[in-house]
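K.L.:
Quick check, what structure comes out for this input:
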Amino acid sequence: RVAIQKAKQNASKAMEKERLLIEAGYASNFESDFEKFYSILLDINKKFPKEKIVYTMLSSYYLRLGDVQKMLETCQKALALDPNYGEAHNMIAFVYVLKEDYDQAVRHLEKYVELNPREPNPYDSLADAYLLMGRLDEAMAAYAKAIALKSDFMPTYPKLAYAYALNEDYPKALEWIDKYLAGAPEPADEVACYRWRAFYSLWLGSEEACLGQIQKMTEVVAAQGMFGGEHHWI
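P.N.:
Now for the predicted structure:
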């Protein structure tokens, strides 16, 4: 979001294609005007039909509409332009996950990993698919690889903890939640940590520990003024 905001400030100096891409990103991320986002993308696509990123951006719009088939078709157009476009493989895999066709999802995610072996997100996405398939050992290994590549890739920590919990290794699950808590950058992440700790404590049959974690969670919520609105922390 910060990068988009800075780009928006200098958009007048950019070439037309880059300026339109900035405008589309700003409409989506800051204005929440998704019809404007869609309209700008169609304009870019008409003027620059070989711009592959436009197709993956369009696919995110179709995802909001719940049009999975249109999302798939749009991503396939991106791959037709560049069979080695990792983000398109990632988006197509997500479509297949929604369709519960996990074998196809894994095939695309393995390609995503192959194309971006030093990036954490491909391993995180592949681990998600493995987790849904019940392939826990492979999921844990892929999550761990994502963290090894980027130790502050925080969204992976609670997912790795959950995989250990499903594998009935609760000490490891709590260990990873503690690591998540140690690096939690925002109060919302801290709240999530205490919520997970409460959940695992209850799984272990310790109502007292569960209540203790809930108390810590509510203290953070109160201190940060998170009550009210549409936030549901518990």
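K.L.:
what sits against the residue nearest to the spatial centre of the chain?
P.N.:
Centroid-nearest residue in the chain: P155, 7.5 Å away (criterion: CA atoms, centre = their mean). Applying CB atoms under 8 Å, 6 or more residues apart in numbering, we find P155 in contact with D124. Quick note: C-beta positions are derived from backbone N, CA and C, even for glycine.
K.L.:
So for it, what's the pLDDT?
P.N.:
P155 is assigned 90 on the pLDDT scale.
K.L.:
Ramachandran coordinates for it?
P.N.:
phi -60, psi -20 (degrees, to the nearest 10).
K.L.:
That one and G183, how far apart?
P.N.:
To G183, P155 is 11 Å away according to CB to CB, to the nearest Å.
K.L.:
Confirm for me that S201 is in contact with K216.
P.N.:
No: using CB atoms under 8 Å, S201 and K216 do not qualify as a contacting pair, with a distance of 11.4 Å.
K.L.:
Report the spatially nearest residue to L81, omitting neighbours in sequence.
P.N.:
In space, and not counting its chain neighbours, L81 is closest to K52: 4.6 Å by CB to CB, 6 or more residues apart in numbering.
K.L.:
Let me know whether that neighbour touches A88 as I believe.
P.N.:
Yes: using CB under 8 Å, K52 is in contact with A88, at 7.0 Å.
K.L.:
The two: which has the busier surroundings?
P.N.:
The residue with more neighbours, out of K52 and A88, is A88; 27 against 18, by other CB atoms under 10 Å.
K.L.:
Provide a list of residues in contact with that one.
P.N.:
K52, Y55, T56, C75, Q76, A78, L79, D82 are the contacts of A88 under CB under 8 Å, 6+ apart.
K.L.:
and with 7 Å instead?
P.N.:
Contacts for A88 (CB atoms under 7 Å, 6 or more residues apart in numbering) come out as T56, C75, A78, L79.
K.L.:
Please give the element, helix or strand, for the third one.
P.N.:
What that stands for is A78. helix 68-81 (DSSP states H and E).
K.L.:
From the contact counts, what lies against that helix?
P.N.:
If you count contacts as 3 or more CB pairs under 7 Å, 6 or more residues apart in numbering; DSSP states H and E, helix 68-81 packs onto helix 52-65, helix 86-98.
K.L.:
Including distance to E175 and mean pLDDT, could those go into JSON lines?
P.N.:
Output for those, formatted as JSON lines (distance: least, CB to CB, whole Å; pLDDT from 0 to 100):
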{"stretch": "helix 52-65", "distance to E175": "34", "mean pLDDT": "94"}
{"stretch": "helix 86-98", "distance to E175": "28", "mean pLDDT": "95"}
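K.L.:
Y112 is in contact with D124, isn't it?
P.N.:
No: counting by CB atoms under 7 Å, Y112 does not reach D124; the two are 10.4 Å apart.
K.L.:
residue at max distance from the center of the protein?
P.N.:
Outermost residue of the chain with respect to the C-alpha centroid, by CA atoms, centre = their mean, is E208; its distance is 33.1 Å.
K.L.:
so where does that residue fall, helix or strand?
P.N.:
helix 207-224.
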